[in-house]
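Asker: kindly return the folded structure for what I paste below:
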Amino acid sequence: MSFVHLHVVSAYSLLQSAATVEALAAKAKQLGYEALALTDRHVLYGAIPFYRECEQHGLRPIIGMMTDVILEGDEAAFPLVLLAANEEGYRHLIEISTAVQMGEEKRIHEDVLRRLNGGIMAITPGPNGRVESLLAAGDVARAKETLFRYRQLFAGRLYIAIQRGERWRGPYEDGLRRLAEELGIPPVATNDVRYVEREDALAFRCLQALSRGVPLANIAEEDGRHLAAPDEMARRFADWPEALANSIEIANQCALRLEFGRRRLPKFPVPDGETADGYLRRLCEQGLARRVPSADARYWRRLEHELAIIESLRFSDYFLIVADVLAYARRRGIMTGPGRGSAAGSLVAYALSITDVDPLEYGLLFERFLNPERVSVPDIDLDFPDDRREEMIRYVADKYGHDRVAQIITFGTFGAKAALRETAKALGLPGEETERVIALLPNRQGLTIRRWHDESAAFRRAVSAVRGGDRWLFVAQKLEGLPRHTSIHAAGVIISPEPLLAHVPLQPSHGPWPLTQYAMGALEALGLLKIDILGLRTLTLIGRMARLVERQTGRPFAVDALPLDDAKTYALLSSGDTNGIFQLESAGMKRVLAELRPSEFEDLVAVNALYRPGPMEMIPVYIRRKRGEEPVSYAHPDLAPILAPTYGVLIYQEQIMQIAARLAGFSLGQADVLRRAVAKKEKALLAEQKEAFVAGCLANGYAEDVAEELYRHIVRFAHYGFNRSHAVSYARLSYAMAYIKAHYPLCFYAVMLTDAAGDRETMALYRREAERKGLPVLPPSINRSGYRFAIEGEAIRTGLSAVKHVGSAAKPIIDERKAHGAFADFFDFAVRLLPKGLARPALEALISAGAFDEFGVERAVLSASIEIAAEHAEWLSAYGGAIGFSPQPKYAEAKPWTPSERRRRERECLGFAVTPHPAAVCRPLFQAAHAVFAAEADGPSVVVGGAVAQLRKTRTKFGEEMAFLTIGDESGEVEAVAFPPIYARAAAELVEGAFVLLSGTMERRGGRRQLVIRRAWGLPVSALYINASGADSGRLAALKQLLEQHSGRTPVYLYDERKRALLRLPERYAVALTAPFVDELIALFGFGAVAVK
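Answerer: Just a heads-up that it's a prediction; the model follows:
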């Protein structure tokens, strides 16, 4: 070996290299290198993956980094390449990288480097270095001084880098040579590698363009920054063999050895005189006696079996740590999840209250969680309310040390679409043209550009039609999969038995805890303990609902003790009334539930497991068999005890394990190995497992053809298999939400409406649902509303924070009300809140939402009086105390808003309208025509009923008239289009204000829904009924005038409740039923007083 690359930058230097560590190691091996360095800028992100890749290829890895160093007295920092010669150097690199990342300036000071230079080799970085820059500027003296100071830092471990391209040499090279000789600092050949193959140069330039936000033309072309072969480097430095030889010398001095596979688990602080094993056993025995008071021998045998495995694998501390975290949560009143993943299969976890699922009751297997025949650290995911997650991490950090706890980094990568889009941008390709090509890529997990190019002829044609399309595709594939930014693991928290800086470099995160620079795979390789602390929104919602239930009933409400055989809950599930219910709210899931008609908890578990791509095809079989419409059958009679609970359908991974154990005599550990082998579909492993399975079946008396068929049955259905432990745990959460919705709907909707604040469609959906169930959602009230939606009698009062532009400003309003009493009127509110900084948009929104309606002043008047109120508040603040009284200002005059204007403003501020919509009066007739709400209309064939809110006529290029419409009802609005043939037939019905029924196809155009009308017809109204009970002569006179203004053909009936008399008005008072007319009727008599037939 004549040379070693010591300056290599990988894609982990985000957007600064097109080389992956995998490609670098593979290419280095192919080129005959024996060693290779990694020197990413400021970070060690790729150190462990690189180290392991090199080991796999028989290369000696050299871990390094390039970082900016500022010398004392200098204003600017310049890079140096630092290489770890040994373990001390590696630890120092970890500290240096952490210091740089944690600092705002992203550089290391000379005095810090003086303390942390042990075990580190240093190399100048080439053209961007301080020495090279000074020489290029002709400042030899300062260049010499810089080298002298570097030499003081790295006595005997400093080298001057000489970099040459294939066709260029630095203008300062002769000066470097002279300084090297004068100061006795040896030179070394380097190449600042940024991509693997020569043809990857364009991909690297595109990354630079994206990183800097400039066109590709602004990025200079540089030759030779690929991973050059040894003979190529020898040609470049044929006149300077010493520089080549020194690369070998440096590589030979770098002898870092990292240890993988050794567990670094923290010790749990057990009571004095106890061991972790003994303490765990004691807690488990106490817990099992408490949770299963009537536990029989099966429970105690299972507990002993699990404890023996846990002790033998030395995982007692792990279980104690996890149990302690959950115990703290319960002490703090923080709701915990029932369990997640395979952990629910552990009786030890259940006894410790880590999970709330009894594994024996549900037939769950411990070996699916912790397999003694395939040892890995158990993985227990902990669910907490998402608004309490940080509190849980803080507890862990406080207990084990803030220097030993960190969150875990993840890397966002260029997906197929992003790679194509960003490459097109860098290459300057037309956006509209390339976006059409990108749109042809389906959103399919794991789909690559190359694979879709091979599969799709349409994609190939589209790429070919783009000028420069082949080059675009080539570069995009080079970018695809490269890391582009860092993020934070959704749940993972690392706990170390010693300060993390002993093993892991850190960097700041958005929160109070640092972030590891190593991703999950690297941390696992180092043996560090990860605990997943997840913030689950569902738990937050259930917790809020439970507290509301307790407030409403005055009794404790234990979510984990709900009866699982509640008929009302299963009736709700069977009706598909599952909006807002965890995992059950999609349209497809609703259809499945309606067909399945679940009657027991096992049905819910099965649905959770089956409703996924693949297993879905077994749902009809499961439903037919449950309903007795198809006989239950088994591949072999001996499968009946295992598959009977699922009607002969193989659903769960645990069933595969049970089959292998019962029929082939496998231990459950061996059965889990079989399950994993089948799931991975590795041919060699499958063949090995098949041989063992068939042999086991033969030994148990089964014929070979039967054994073969049973194995084929397992393989055929294995990719459907779902973790039953997980399905049971999450079905508990789904059931809890369904139970609350069925029994305490006010509590359910109050919480869900609060959660949906800001999502107009979802808020409107929950409001419609609640009101259909007779639970009115009241507008916000400045004197009654709290922060969130709240229960008020048998209704739900909108919270002030739900009003647009108000949000957190609701708190000072509520605080002021609590401190000094209810607001007397609008001006009193303004005087008390405007000086405290309440913004005008918030005040306008409160008016529009109806928050001041209780004062009996028209909203339009209040809106017009804002300036008067502000001036009054300002005057009172300045002079009110001096004169001792407060003069009452007068409201401005303003024309009242129309009902449609009120609704428009309400929707804008709340997401839904509280002013009744005239279409709601016609709802029975719309329902009779099978019309759906405008906001819920979807699908290829749908009927919508409502009022024409807007209509815009236009003509086609052939001169034919067509129309674009907006149809509104109490749910909201939907756009519609009537093409010429339809409009010609229905123009008389399609007029603004008319009530109509429309059938057609719902499409999405430009991200907006649009109903393409196939048929339109007027609402078949036979009569209008008005409850005029108690109406005085003034209102009756107004009614007479209104009827005369809207003359038409619909007969009108007046009802007098006191006389129980129904009077049909003379024909001259028949009306044309339109939305504006009904609006005025509602204003005159109230919403409940108007009906149609």
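Asker: from here on, contacts and neighbour counts on C-alpha atoms
Answerer: Will do.
Asker: return the set of buried residues in stretch 47-61.
Answerer: Buried residues in stretch 47-61, counted by 16 or more other Cα atoms under 10 Å: 47-54, 57, 59-61.
Asker: please apply the same query to stretch 275-293.
Answerer: For stretch 275-293, by 16+ other Cα under 10 Å, it's 276-277, 279-281, 284-285, 287-288.
Asker: average pLDDT for that stretch?
Answerer: When pLDDT is averaged along stretch 275-293, the result is 96.
Asker: can you tell me what sits against that stretch?
Answerer: By Cα atoms under 8 Å, 6 or more residues apart in numbering, the residues outside stretch 275-293 that reach it are 268, 270-271, 295, 303, 307, 311, 316-317, 319-320, 348, 350-353.
Asker: ditto for stretch 1056-1069
Answerer: 1027-1030, 1040, 1043-1044, 1047-1048, 1051-1055.
Asker: which among the residues you listed end up buried?
Answerer: Among the contacts of stretch 1056-1069, the ones that count as buried (16+ other Cα under 10 Å) are 1027-1029, 1043, 1051-1055.
Asker: what is the burial count for Leu539?
Answerer: Using other Cα atoms under 10 Å, Leu539 has 23 neighbouring residues.
Asker: gap between Gly758 and Thr67?
Answerer: 45 Å (Cα to Cα, to the nearest Å).
Asker: more crowded one of the two?
Answerer: Thr67 (25 against 18).
Asker: return the distance of that one relative to Glu480.
Answerer: Applying Cα to Cα to Thr67 and Glu480 gives a distance of 27 Å.
Asker: ok so, going back, in JSON lines: the buried ones among the contacts of stretch 1056-1069, plus pLDDT and distance to Ala984.
Answerer: As requested, the buried ones among the contacts of stretch 1056-1069 are exported to JSON lines (pLDDT from 0 to 100; distance: Cα to Cα, whole Å):
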{"residue": "Asn1027", "pLDDT": "93", "distance to Ala984": "39"}
{"residue": "Ala1028", "pLDDT": "88", "distance to Ala984": "40"}
{"residue": "Ser1029", "pLDDT": "87", "distance to Ala984": "44"}
{"residue": "Leu1043", "pLDDT": "92", "distance to Ala984": "30"}
{"residue": "Pro1051", "pLDDT": "96", "distance to Ala984": "29"}
{"residue": "Val1052", "pLDDT": "95", "distance to Ala984": "31"}
{"residue": "Tyr1053", "pLDDT": "95", "distance to Ala984": "34"}
{"residue": "Leu1054", "pLDDT": "93", "distance to Ala984": "37"}
{"residue": "Tyr1055", "pLDDT": "91", "distance to Ala984": "40"}
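Asker: between those residues, which is nearest Leu82?
Answerer: Asn1027 (88.0 Å; Cα to Cα).
Asker: show me what that closest one is bridged to.
Answerer: Tyr1055 (DSSP bridges).
Asker: make sure Ala661 is actually in contact with Leu668.
Answerer: Yes - assessed by Cα atoms under 8 Å, Ala661 is found in contact with Leu668 at 6.1 Å.
Asker: what is in contact with those two at once?
Answerer: In contact with both Ala661 and Leu668: no residue, using Cα under 8 Å, 6+ apart.
Asker: which one's more surrounded, those two?
Answerer: Using other Cα under 10 Å as the criterion, Ala661 and Leu668 rank with Leu668 on top: 23 against 20.
Asker: before we move on, back to that, report the two of the contacts of stretch 275-293 separated the most.
Answerer: Top of the distance list for the contacts of stretch 275-293 (Cα to Cα): Phe268 and Ala295, 28.4 Å.
Asker: more neighbours: those two, which one.
Answerer: Phe268 (19 against 12).
Asker: list the contacts of the more buried one.
Answerer: 276, 317-318, 320-321.
Asker: mind putting the residues you listed in TSV, distance to Tyr891 and secondary structure included?
Answerer: Shown next, in TSV, are the contacts of Phe268 (distance: Cα to Cα, whole Å; DSSP: H, G, I helix; E, B strand; the rest coil):
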residue	distance to Tyr891	secondary structure
Ala276	75	helix
Asp317	71	helix
Tyr318	69	helix
Leu320	68	helix
Ile321	65	helix
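Asker: wait, which of those is closest to Ala26?
Answerer: The nearest one, if we look at those relative to Ala26 and count by Cα to Cα, is Tyr318, at 37.8 Å.
Asker: now Thr410, what's its secondary structure?
Answerer: strand (DSSP: H, G, I helix; E, B strand; the rest coil).
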